[in-house]
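In: pasting a predicted model and its sequence here:
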Amino acid sequence: MTLPAVFSRATLLFPLLAAGCGDAGDSEPVDTFAAQVEARAGVPSAQAGPVVTLDVPQSVAAGSPVPIRIRVKNETAAPLDLYLRGRDVTFDIVVTDSAGDTIWRRLGDEPVQAILQLRTLAPGEALELSHEWDQRSQRGSPVPPGRYTVRGSVLTDGSSTLDSDPGMVEIRP
């Protein structure tokens, strides 16, 4: 589906049905349900929404904490509603080794609260989330020096997430 992650079918379905979208008399040339929802919601075809970035240091000494920051910024000219999971915004960080194996995950096997909060970002406003990775694996043992890939994601309504591009950190001996 091409909807921005901040929209869900449930959020947009009622106005869509109320507007009579999909009726035989609808004169709009719309090919898919998602396109109909986007057209009724005023969502441009080029995905508009938050820009998610990840900030990690290029390298750190072995044993030092690795500061990780996820930033969700509204780069549109209008307020942007984000439907976020958890009483506190729930976000995950995943660290993988050079083979692509998951070494550590912030959420691990923790359950995620089924609470949904609405956070509105004004144009240009950003939401920042941060955590420090202690260079330990999910089992608690120190990881060896090397290069690690870090990915960040913010959980939204349903099963969607706001994902960052990956970052790299090198742990020096």
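Out: Here it is on my side, so go on.
In: tell me which strands and helices the host helix or strand of I171 is in contact with?
Out: With elements taken from DSSP states H and E, the one containing I171 is strand 167-172. The contact analysis (3 or more CB pairs under 8 Å, 6 or more residues apart in numbering; DSSP states H and E) places strand 167-172 against strand 59-61, strand 146-155. Placement of C-beta: from N, CA and C, glycine included.
In: please list all residues in contact with L155.
Out: Listed by CB atoms under 8 Å, 6 or more residues apart in numbering, the contact set of L155 reads 84-86, 90-92, 112, 161.
In: list the residues that contact V95.
Out: Counting by CB under 8 Å, 6+ apart, V95 touches 102-105, 133, 148-150.
In: burial of R151, as a residue count?
Out: Using other CB atoms under 10 Å, R151 has 19 neighbouring residues.
In: was I right to think it contacts S164?
Out: Yes. Between R151 and S164 there is a contact at 6.4 Å, judged by CB atoms under 8 Å.
In: any residues in contact with both of those two?
Out: L54.
In: helix or strand: which one has R69?
Out: Going by DSSP H and E, R69 is in strand 66-74.
In: list the neighbouring strands of that strand plus their orientation.
Out: Next to strand 66-74 in the sheet, as set by DSSP bridges, lie strand 50-55 (antiparallel), strand 126-133 (antiparallel).
In: need the winner for burial among these.
Out: Sort the strands paired with strand 66-74 by mean neighbour count, taking mean count of other CB atoms under 10 Å, and strand 50-55 sits at the top with a mean of 17.
In: next, the angle from it to strand 146-155.
Out: 150 degrees (axes from the mean of the first three to the mean of the last three CA atoms, to 10 degrees).
In: run through who's touching strand 50-55.
Out: 4, 6, 68-75, 80, 82, 121, 150-152, 154, 162-167.
In: mind running it again at 10 Å?
Out: 4-6, 67-76, 80, 82, 93, 121, 125-128, 130, 150-154, 156, 161-167 (CB atoms under 10 Å, 6 or more residues apart in numbering).
In: related to what we said a few turns ago, pick the one among the contacts of V95 closest to R172.
Out: For those, the residue nearest R172 by CB to CB is Y148; the value is 11.9 Å.
In: show the pLDDT at that closest one.
Out: Reported pLDDT at Y148 in the predicted model: 98.
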